[in-house]
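Enquirer: coordinates for the following, if possible.
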Amino acid sequence: MLAIVGLGVFALADIALIALALGLISGGADQAERNSASPAASLSAEASPEPTETPAPIPPAAPVLRALAVVDGQVAWRAERGDCETQAVIEVTSDGGATWIPTQPVTTGGREVLWLWAQDADYAQAVVGAGDSCAPTGIRSFTSGDFWNLSADTVGEAAYVASDGTLVTPAGYVSPCTSPTDVTERDDSTAVLCADGTVHETSDGVSWASAAVPGAVAFVAAGEDYVVAVQQTPSCGGMALVTLPVPSLGDGVAASEPRACLSGSIDPAATVVSAGGDSVWLWSGSEVGMYNFAQLAL
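Expert: Residues are numbered from 1 along each chain as shown. Next up is the predicted model:
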């Protein structure tokens, strides 16, 4: 009987050895060698690329429908453009934009506010649409807006984009593009911003130096640069300010990285930027930001 059991055990051991040789039973060292020679599929497979979102196209800019005249870090005047059916309302601040005081209604019948310029908290000039034809009319105030008087000379000093898209400048320049959205002037030149985000500068109205600023909606001459309000920048979820150096405009120069970011209830379609003293103000939607030249590295 014991002999039979012994033969059975011997037979089972023999079968196990044969199965191990054929690879039917996993075994310590041999299995480790197989694992090292054949890495797991999950380790050898190439990683699938992460899906990337396609950036939303930047919509073309619309003509600036606001006026902002900055005197310095404390004083500024502003107005919504409005239309020929609406009474013009011009506001002034003397505390850095903390409070805005509406001036008295423009007694000249002013409606659409086309252009605004200010010397200080007392004196400002504007071009408004007046009369039944809403014709561009110059007005001025020496009394912080308590009273407005007609000023014929003011019309010839203004630079703006009219409601019909026509560029208006003191020198009568023809726009370098079919869709101008904003215009700014310095002592010896005029610059125009177009709906496609290009900035064009001229000193004679004939030759124009240009640079592209994607997403630009408004701009102003400040120091030796242009300060440009830009929408949809990767580092700013609101409205950013970038600078564009004047001396190298037209030489392939690119705008700077964002120097400031205004967040909150901003609106690209209701954005304007202005400079005075060593300050740059940005008004977008219901938000107002004020920055000095040092912050913008001007």
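Enquirer: going forward, measure contacts between C-alpha atoms and count neighbours the same way
Expert: Noted.
Enquirer: contact partners for the spatially most central residue of the chain?
Expert: By CA atoms, centre = their mean, the chain has its centre lying nearest to residue 230, at 1.6 Å. Contact criterion CA atoms under 8 Å, 6 or more residues apart in numbering gives 213, 214, 215, 216, 217, 218, 239, 240, 241, 242 as the residues in contact with residue 230.
Enquirer: looking at those, spot the one nearest residue 89.
Expert: Of all the contacts of residue 230, residue 218 has the smallest distance to residue 89: 21.4 Å, by CA to CA.
Enquirer: I'd assumed residue 62 was in contact with that closest one.
Expert: No: under the criterion of CA atoms under 8 Å, residue 218 makes no contact with residue 62, lying 9.3 Å away.
Enquirer: residues shared between the contacts of those two?
Expert: Between them, residue 218 and residue 62 share these contacting residues under CA under 8 Å, 6+ apart: residue 181.
Enquirer: out of the two, which sits in the more crowded spot?
Expert: Remark: of residue 218 and residue 62, residue 218 carries more neighbours, 32 against 20, as counted by other CA atoms under 10 Å.
Enquirer: the helix or strand where the more buried one lies: what's the following helix or strand?
Expert: Taking DSSP states H and E as the definition, residue 218 sits inside strand 216-222. Read in the C-terminal direction, the helix or strand following strand 216-222 is strand 225-233, with elements assigned using DSSP H and E.
Enquirer: that next one pairs with which strands?
Expert: Under the criterion DSSP bridges, strand 225-233 sits next to strand 216-222 (antiparallel), strand 236-245 (antiparallel) in its sheet.
Enquirer: go through the ones you listed and name the closest to residue 123.
Expert: The closest approach between residue 123 and any of the strands paired with strand 225-233, judged by CA to CA, belongs to strand 216-222 at 20.9 Å.
Enquirer: neighbouring contacts of the closest one?
Expert: Residues outside strand 216-222 that contact it (CA under 8 Å, 6+ apart): 61-62, 64, 181-186, 193, 195-198, 226-231, 268-269, 271-276, 280, 298.
Enquirer: again, but for stretch 288-298
Expert: Outside of stretch 288-298, the residues that reach it under the criterion CA under 8 Å, 6+ apart are 73, 96-97, 222-225, 242-243, 259-260, 262, 278-283.
Enquirer: repeat for stretch 97-106
Expert: Outside stretch 97-106, the residues that reach it (CA under 8 Å, 6+ apart) are 74-76, 87-94, 144-148, 288.
Enquirer: which of these count as buried?
Expert: Buried by 16 or more other CA atoms under 10 Å: 74-76, 87-94, 144-145, 147-148, 288, out of those.
Enquirer: among the residues you listed, which are in strands?
Expert: For these, membership in strands holds for 76, 90, 91, 92, 93, 288, with DSSP state E as the criterion.
Enquirer: now do stretch 122-142: distance to the chain's middle.
Expert: Counting by CA atoms, centre = their mean, to the nearest Å, stretch 122-142 is centred 30 Å from the centre of its parent chain.
Enquirer: just to revisit the earlier point, filter the contacts of strand 216-222 down to the buried ones.
Expert: 61-62, 64, 181-185, 193, 195-198, 226-231, 268-269, 271-276, 280, 298.
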